[in-house]
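Asker: Sharing a model that was predicted from the sequence below.
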Amino acid sequence: MRYAQGIARMVEVDTVRRPGADQANFQKLHTVMEQLFPKVFSTCCRWEWEGSLLLCWPGKTRRSLLLMSHQDVVEAPGQWTYPPFSGTIAQGKLWGRGTLDVKANLFHMLQAMEELIGEGFLPEWDVYVASSHEEETGGNTLIADFLQQQQIIPQLLLDEGSSIQPCPFPGVDQTVAMVAVAEKGYVDLKCIARGPGGHASLPGKDNPLLRLAAFLCEVEQSELFPLRLNKASAEMYRRMAQLVEDPQQSEILLDIAEQRPGWQEHLTPEQRQMLKTTVAFTMAGGSDAPNVIPQEAFVTCNIRIAPGETVEGTVAALQAVAQRHQVELEILRANEPSPVTDPDSEAFARVERAIQEAWPGTPVLPFLLCGGTDTKHFVGFCPNCLRFTALRLNAQQLKLCHAVDEHVDLDTLPNGVDFFKHLIQEL
C-alpha cells in the first residue's frame with residue numbers, strides 16, 4: 001500500500017507533453033519525486049534538460065548500468081471509472097494514466113535505490129536513471145548526447161518494454177517474462193496523389209482519390225516484406241517448446257525455431273506481424289467540400305521495420321508500388337530498427353536472474369518489441385539494450401496501455417521493487 005500511495009502521487013501530476021505549456025507540471029513531478037526519494041536525490045548526481053532528468057548513483061568502478069523510464073504520459077480522454085489523474089486506490093488496484101506506461105516502473109527503480117541507500121549498500125557499478133519528458137512524442141537525444149560527450153558507455157541499458165504476462169502464443173498456458181532484445185524501426189510516410197481536380201458534377205478519369213485507393217489495395221494485398229527469424233526470435237520459440245506439455249505442439253515450435261520446411265505455415269497472424277515489417281494506413285485527406293474533386297489527396301502510413309530491414313529498403317519497396325499509381329512518397333519521420341542484443345549475453349542473463357529472484361519460477365523469453373521506446377536514441381553507443389517493465393499484468397491490462405481505465409494490481413508492486421534491487425545488488 002505504501003508503494004501504491006507513492007506511485008499515486010506521481011500519477012496525480014498531469015505530465016502529458018504539451019510543448020510550451022507543461023514545464024511547471026514536470027517540475028512539480030520532480031518535486032514529488034524528491035519528497036518520495038530523499039536519499040536518492042541527496043546521494044545522486046543530477047542533471048536536468050527541460051523536463052528530462054538524469055541521476056547517477058556513483059559506484060565502486062567506472063562500469064555503468066543505465067535504467068530508463070519516462071515521465072510523460074498520453075492524453076486521457078473518455079469515461080474513466082476513476083479520474084485518470086486521481087491515482088485512485090480501489091478494488092486492489094491502482095488506477096490512473098501512467099500506472100502501466102510507465103510511472104510505476106520509474107517508481108520501482110527509484111524506490112529500489114532508496115531502500116538500498118538506506119541499507120548502506122554501495123553498488124559496484126555506477127547506476128544511472130534516465131527519464132525523458134517526451135518519449136510519447138518521439139523522445140529527444142538530450143541525455144544520450146550528454147552521456148556520449150562524457151564518454152559514458154553503459155554495459156547494460158534497461159528500458160521499459162514487455163512485462164510478466166500470459167504467454168501470447170497458442171499452446172503455452174503459462175505466465176512468462178517477456179524481455180525485448182530489439183525493437184522495430186519506424187517510418188511515418190505521407191503518400192500523395194495529384195490531379196486536375198474540378199467540380200463533382202463533371203468527374204474526369206484522373207481522380208487522385210481513385211489512384212490512392214488502388215495504391216492502398218495493392219499494398220494491402222501484397223507480401224512486400226519477408227518473414228525474418230533472427231537468433232533471438234529462434235531462441236524464444238526454442239524456450240517456448242520446453243514449456244508446452246503437448247509433444248506435437250512442442251515439435252511445431254521447434255520447427256519454427258529451426259526454420260524447417262513449412263515453418264511459416266505454423267505462425268498465427270499475430271506472430272507473422274511480429275516477425276515482419278508491417279504497414280498500417282492511418283490518416284487521409286482530400287477535398288474540403290463534398291462537391292469538389294481534390295487536386296491533391298493523401299494518406300499516411302505507419303511502418304514498423306523488422307530487424308534485418310532498413311528505412312531505405314522499406315521505402316523503396318513501397319515506392320515501386322507507388323510509381324505504378326502515380327503516387328508520391330514523403331518521409332515524415334524515420335528511425336532504423338535496433339540492433340538485436342544476444343539472448344546468450346551476460347546482460348540478458350543478469351536481467352533473467354533478477355526476474356527469477358523477484359518472480360521465482362517464471363520462465364523468461366527473449367522477445368521482439370513491435371512498439372518503440374527511448375532506447376532508439378542510445379543503441380548507437382550502448383552495446384547491450386534490453387526492454388522490460390517490472391510489472392505482472394493480465395490479458396485485460398495489456399490492452400489498457402494508452403486506453404481508458406489504465407491500472408495495475410497492488411500485489412505486483414513489491415516484486416517490481418525487488419527486481420531492481422536484485423539487478424543492482426548483483427552488479
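Answerer: Perfect, thanks for sending it.

Asker: Could you use CA atoms for every contact and neighbour count after this?
Answerer: Will do.

Asker: now the helices for the chain?
Answerer: 2-11, 23-36, 38-43, 104-118, 142-149, 208-221, 231-241, 247-257, 269-275, 311-324, 346-358, 395-398, 413-425 (DSSP state H).

Asker: now for the last one, which elements pack on it?
Answerer: Other helices and strands packing on helix 413-425, by 3 or more CA pairs under 8 Å, 6 or more residues apart in numbering; DSSP states H and E, are helix 2-11, helix 104-118, helix 346-358, strand 385-392.

Asker: Of the ones you listed, give the one that comes closest to Pro203.
Answerer: Of all the helices and strands packed on helix 413-425, strand 385-392 sits nearest to Pro203, with 52.9 Å by CA to CA.

Asker: Quick one: mean pLDDT for the closest one?
Answerer: Mean pLDDT, strand 385-392: 98.

Asker: tell me the angle that strand makes with helix 104-118.
Answerer: Interaxial angle, strand 385-392 versus helix 104-118 (axes from the mean of the first three to the mean of the last three CA atoms, to 10 degrees): 90 degrees.

Asker: Could you identify which of the helices and strands packed on helix 413-425 is most buried?
Answerer: Burial of the helices and strands packed on helix 413-425 is given as mean neighbour count (mean count of other CA atoms under 10 Å); strand 385-392 ranks first at a mean of 26.

Asker: and that one, what does it pack onto?
Answerer: Helices and strands touching strand 385-392, by 3+ CA pairs under 8 Å, 6+ apart, are helix 104-118, strand 156-166, strand 175-183, helix 413-425.

Asker: pLDDT on stretch 338-354, on average?
Answerer: Mean predicted confidence for stretch 338-354 is 97.

Asker: Can I get that stretch in CSV, CA atoms only?
Answerer: Taking Å, rounded to 0.1, in the frame of the first residue of the first chain, the C-alpha atoms of stretch 338-354 are listed here in CSV:
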residue,chain,number,x,y,z
SER,A,338,17.6,-1.5,-33.4
PRO,A,339,20.5,-4.0,-33.2
VAL,A,340,19.5,-7.3,-31.6
THR,A,341,21.0,-8.0,-28.1
ASP,A,342,22.2,-11.6,-27.9
PRO,A,343,19.9,-13.6,-25.6
ASP,A,344,23.1,-15.6,-24.7
SER,A,345,24.8,-12.5,-23.4
GLU,A,346,25.7,-11.8,-19.8
ALA,A,347,23.5,-8.7,-20.0
PHE,A,348,20.4,-10.8,-20.7
ALA,A,349,21.5,-13.3,-18.0
ARG,A,350,21.7,-10.6,-15.4
VAL,A,351,18.1,-9.4,-16.2
GLU,A,352,16.9,-13.0,-16.2
ARG,A,353,18.4,-13.8,-12.8
ALA,A,354,16.8,-10.6,-11.3
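
Asker: my read: Ser287 touches Leu209, true?
Answerer: No. Using CA atoms under 8 Å, Ser287 is not in contact with Leu209; the gap is 9.5 Å.

Asker: For these two, work out which one has more neighbours and name it.
Answerer: Leu209 (24 against 14; other CA atoms under 10 Å).

Asker: The more buried one touches Cys191, doesn't it?
Answerer: No. Using CA under 8 Å, Leu209 is not in contact with Cys191, being 11.1 Å away.

Asker: shared neighbours, these two?
Answerer: The contact sets of Leu209 and Cys191 overlap at Phe298 (CA atoms under 8 Å, 6 or more residues apart in numbering).

Asker: Need the nearest residue in space to Gln148, chain neighbours excluded.
Answerer: Phe381 (7.7 Å; CA to CA, 6 or more residues apart in numbering).

Asker: ok, the one you found to Leu157 distance?
Answerer: Between Phe381 and Leu157 the distance is 11 Å, computed by CA to CA, to the nearest Å.
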